[in-house]
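Trainee: model this:
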Amino acid sequence: MKTVAVANQKGGVGKTTTSVNLAACLAAEGQRVLLIDLDPQANATSGYGLDCIEGLSIYGPLLGQRSILDCVVPTRYEHLFMVPADLDLAGAEIEVARFDDHLTRLRVALEPLRKDVAFDWVLLDCPPSLGILMTNALAAADELLVPIQCEYFALEGLSKIVRVIQQIQDSGANPGLVLAGILMTMYARTNLAQQVIEEVRKHFEDAVYETVIPRSIRLSEAPSFGKPIIDYDPSGAGAVAYQALAGEFLKRHSKLPA
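Mentor: Numbers count the residues shown, from 1 in each chain. So this is what the prediction gives:
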């Protein structure tokens, strides 16, 4: 089992869209996937047409009140499971901060999953902030996937993420955390967007995925129907792009040691 945090402290960059659709595309490839919604807004939860169920979020496991295994719910898609979010998560920033081991609460909470070995991938959909929930995700993850919009503020946001990774490593909370992937999102065929992609690739080289996610009305519509894009618009550009991303993701990881 490998744990991947999908994170960017900047909102509106396609982070939850990527979490929901990458998870769905990996599951469609036969991979056993668990998506954990760490955002109190619960957009990833509603993205699969699921309701917030009080007591079934990661909040209880973070506080040591219940096992994460009790919080896993099936989606309507084969091989794809979820730990949904609820409003209790909004209080986690305060409650978790009171613990001496506040940085590693999520890592400890995920341990039953590692022992159970029910999943190939655990994806952590992080809130758009540098608070307790996101730092816990970085301390718990094996690696980080950062979606960034094709605009000039992208590099500024990436530099902040790199600093946070360094802080997590230096703190001893997760010395092995790596920035394993950068995904360019909301791409439009403009000179500006192409220049941004080239600039990001110049700085981060192989970490940047070849797959680029286009700006798409269908991708924006799909969550309101509670469906990932491969279900809502399976032949559209968004679905094609996320299927390509899942293929590239699996190809990259096939080269890594188990």
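
Trainee: quick check: next helix or strand after the strand or helix carrying residue 160?
Mentor: Secondary structure assignment for residue 160, by DSSP states H and E: helix 154-171. Next helix or strand after helix 154-171 toward the C-terminus (DSSP H and E): strand 178-187.

Trainee: which SSE is immediately downstream of that following strand?
Mentor: That would be, after strand 178-187 and using DSSP H and E, helix 191-204.

Trainee: got the contact list for whichever helix or strand comes after that following helix?
Mentor: The helix or strand immediately downstream of helix 191-204 is strand 208-214, counting by DSSP H and E. For strand 208-214, contacts defined as Cβ atoms under 8 Å, 6 or more residues apart in numbering pick out 14, 17-18, 147, 150, 181-188, 197, 200-201, 219, 237-238, 241-242, 244-245, 248-249. (Glycine included, C-beta is placed from N, CA and C.)

Trainee: could I get the average pLDDT for strand 208-214?
Mentor: Strand 208-214 shows an average pLDDT of 95 in the prediction.

Trainee: low-confidence stretches in this protein?
Mentor: 255-258 (pLDDT under 70).

Trainee: gap between residue 121 and residue 24?
Mentor: Per Cβ to Cβ, to the nearest Å, residue 121 is found 12 Å from residue 24.

Trainee: those two: which has the busier surroundings?
Mentor: residue 24 (27 against 20; other Cβ atoms under 10 Å).

Trainee: wait, isn't that one in contact with residue 231?
Mentor: Yes - counting by Cβ atoms under 8 Å, residue 24 does reach residue 231; the two are 7.3 Å apart.

Trainee: now do the shared contacts for these two.
Mentor: Common neighbours of residue 24 and residue 231, counting by Cβ under 8 Å, 6+ apart, are residue 77.

Trainee: separate out the buried members of the contacts of strand 208-214.
Mentor: The neighbour count (16 or more other Cβ atoms under 10 Å) marks 14, 17-18, 147, 150, 181-187, 197, 200-201, 219, 238, 241-242, 244-245, 249 as buried among these.

Trainee: which residue sits farthest out from the middle of the protein?
Mentor: residue 191 (28.6 Å; Cα atoms, centre = their mean).

Trainee: state the distance from that residue to residue 182.
Mentor: Remark: distance between residue 191 and residue 182 (Cβ to Cβ) = 21 Å.

Trainee: with residue 97 instead?
Mentor: Distance from residue 97 to residue 182, by Cβ to Cβ: 29 Å.
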